[in-house]
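>>> have a look; sequence and predicted model below, questions after that.
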Amino acid sequence: MSQEAAIGIIGGSGLYQIEGIENAEEVRVETPFGPPSDLLVRGRLAGRTVYFLPRHARGHRILPHELNHRANIWALRSLNVRWIIAVTAVGSLQAEYEPEQIVCPDQFYDRTSRRADHTFFGRGIVGHVSFADPISADLRRILVGSTRAAGYIAHDGGTYVNMDGPAFSTRAESEAYRQLGFDVIGMTNLGEAKLAREAEIALATLAMVTDYDCWKVEEEPVTAQAVIAHLLANVKAAKEILARVVPQIPAVPDWPEHRALDGAIFTDRKLWPEGTAASLRPILERFL
């Protein structure tokens with residue numbers, strides 16, 4: 001395991017072509033939970049080690065509900081990643097969040113059906129992390145500031161409702177989410193955030209608005225083609241923002257998220273099954 005605390009970026013496969021990346025190389029990681037979405041790309045940016053992971057694999061071959069979040073986050077933590085910037089496409093549920101603007105949410109609402117896959121615990125070790133504030137406030141602050149400094153509109157805070165997909169929302173669902181006060185909707189980010197917290201990684205999200213979901217009747221309902229068109233514009237913004245973010249992330253992982261497991265593990269250490277503990281070594285190492 002690398003001793004240097006690294007930075008992870010989860011997003012589209014085009015993001016690893018950020019200007020200024022040096023010594024880029026592919027890294028294959030095997031995990032106890034199966035393969036990650038794709039090979040990781042390791043490089044140096046602003047003097048820091050950065051790992052890029054294409055969430056849906058190169059060529060976009062994995063549906064949101066097929067994502068192996070445990071493998072993805074385990075792989076990053078095994079490489080000593082202690083910060084994650086999650087770049088993700090979202091639909092807007094509020095008129096003020098326009099396509100090609102950026103939201104940095106501070107809350108989630110869980111509408112997924114695979115919650116058992118969104119924890120490393122179980123198999124004899126019980127853990128319950130605090131998740132009242134699921135996003136790293138310090139990292140979100142850096143993302144918002146960097147986005148605005150790069151000349152883009154950033155909304156600071158908001159609630160991301162995570163649905164399963166792969167179909168987009170019905171109008172009834174979209175209206176219900178709006179009435180509940182949610183801000184953006186997506187299919188991927190909550191599992192990443194839950195597992196990052198268990199892995200003691202600080203995570204924040206760049207949610208790139210691509211559409212108005214389907215609640216705005218004067219707009220065409222969201223389609224894959226519309227999402228892709230806005231995504232291409234958002235890739236340029238994401239590259240510029242990330243190049244500003246990385247130099248501002250501290251070298252030493254000493255934020256609250258980096259000790260998220262303090263007091264979170266209920267099972268006495270003497271009762272931990274050997275195989276479970278071994279499979280979670282990158283996450284539980286300081287307790288072993």
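Perfect, I can see it now. Residues are numbered from 1 along each chain as shown.
>>> okay, and for the stretch 1-150 of the chain, where does confidence drop off?
The stretch 1-150 of the chain contains residues with pLDDT under 70 at 1-3, 13-14, 16.
>>> what secondary structure does residue 185 sit in?
Following DSSP: H, G, I helix; E, B strand; the rest coil, the label given to residue 185 is strand.
>>> equivalent analysis for the one 5 residues further on, please.
Taken by three-state DSSP, the conformation at residue 190 corresponds to helix.
>>> off-centre distance for the helix or strand hosting residue 82?
Secondary structure assignment for residue 82, by DSSP states H and E: strand 81-92. Relative to its chain's centre, strand 81-92 lies at 4 Å (Cα atoms, centre = their mean, to the nearest Å).
>>> pull out the buried residues from the helix or strand just after it.
Following strand 81-92 in sequence order, the next helix or strand is strand 102-104 (DSSP H and E). With burial defined by 16 or more other Cβ atoms under 10 Å, the residues of strand 102-104 counted as buried are 102-104. (C-beta placed from N, C-alpha, C; glycine too.)
>>> re earlier: what's the strand holding residue 82 packed up against?
Counting contacts by 3 or more Cβ pairs under 8 Å, 6 or more residues apart in numbering; DSSP states H and E, strand 81-92 is packed against strand 6-11, helix 137-149, strand 184-186, helix 189-198, strand 202-211, helix 224-245.
>>> dump the buried residues of strand 102-104 to a markdown table, plus distance to residue 239.
Below are the buried residues of strand 102-104 laid out as a markdown table (distance: Cβ to Cβ, whole Å):
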| residue | distance to residue 239 |
| --- | --- |
| 102 | 13 |
| 103 | 18 |
| 104 | 17 |
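>>> among these, which one sits closest to residue 186?
Nearest to residue 186, judged by Cβ to Cβ, of those is residue 103 at 10.1 Å.
>>> wait, what's in contact with that closest one?
Residues near residue 103 by Cβ atoms under 8 Å, 6 or more residues apart in numbering: 90, 92, 97, 154-155, 158, 160, 183-184, 207, 209.
>>> that one and residue 189, how far apart?
11 Å (Cβ to Cβ, to the nearest Å).
>>> same question for residue 55.
9 Å.
>>> for residue 180, same thing?
For residue 180, the distance to residue 189 (Cβ to Cβ) stands at 18 Å.
>>> out of these two, which sits in the busier spot?
Shown here are residue 180 and residue 189; by other Cβ atoms under 10 Å, residue 189 has more neighbours (27 against 11).
>>> surely that one meets residue 162?
Yes. Judged on Cβ atoms under 8 Å, residue 189 makes contact with residue 162 at a distance of 6.3 Å.
>>> which residues do these two both contact?
Listed as contacting both residue 189 and residue 162 by Cβ under 8 Å, 6+ apart are residue 108.
>>> hmm, who's touching stretch 130-137?
For stretch 130-137, the external contacting residues (Cβ under 8 Å, 6+ apart) are 83, 104-108, 190, 193-194, 197, 202-205, 255, 257, 260, 264.
>>> ends of that stretch, how far apart?
End-to-end distance for stretch 130-137: 14 Å, by Cα to Cα, to the nearest Å.
>>> kindly report the same for stretch 267-276.
One end of stretch 267-276 sits 12 Å from the other (Cα to Cα).
>>> centre of the chain to it, how far?
Its chain's C-alpha centre and that of stretch 267-276 lie 29 Å apart, by Cα atoms, centre = their mean.
>>> ok, back up a step: with neighbour count and distance to residue 78 added, can I get the contacts of residue 103 in a markdown table?
A markdown table is the format used below for those (neighbours: other Cβ atoms under 10 Å; distance: Cβ to Cβ, whole Å):
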| residue | neighbour count | distance to residue 78 |
| --- | --- | --- |
| 90 | 29 | 29 |
| 92 | 26 | 36 |
| 97 | 20 | 36 |
| 154 | 20 | 32 |
| 155 | 21 | 34 |
| 158 | 21 | 32 |
| 160 | 27 | 27 |
| 183 | 25 | 33 |
| 184 | 27 | 30 |
| 207 | 28 | 27 |
| 209 | 23 | 33 |
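>>> now name the helix or strand holding residue 36.
In the assignment (DSSP H and E), residue 36 maps to no helix and no strand.
>>> I am finished for the moment; much appreciated.
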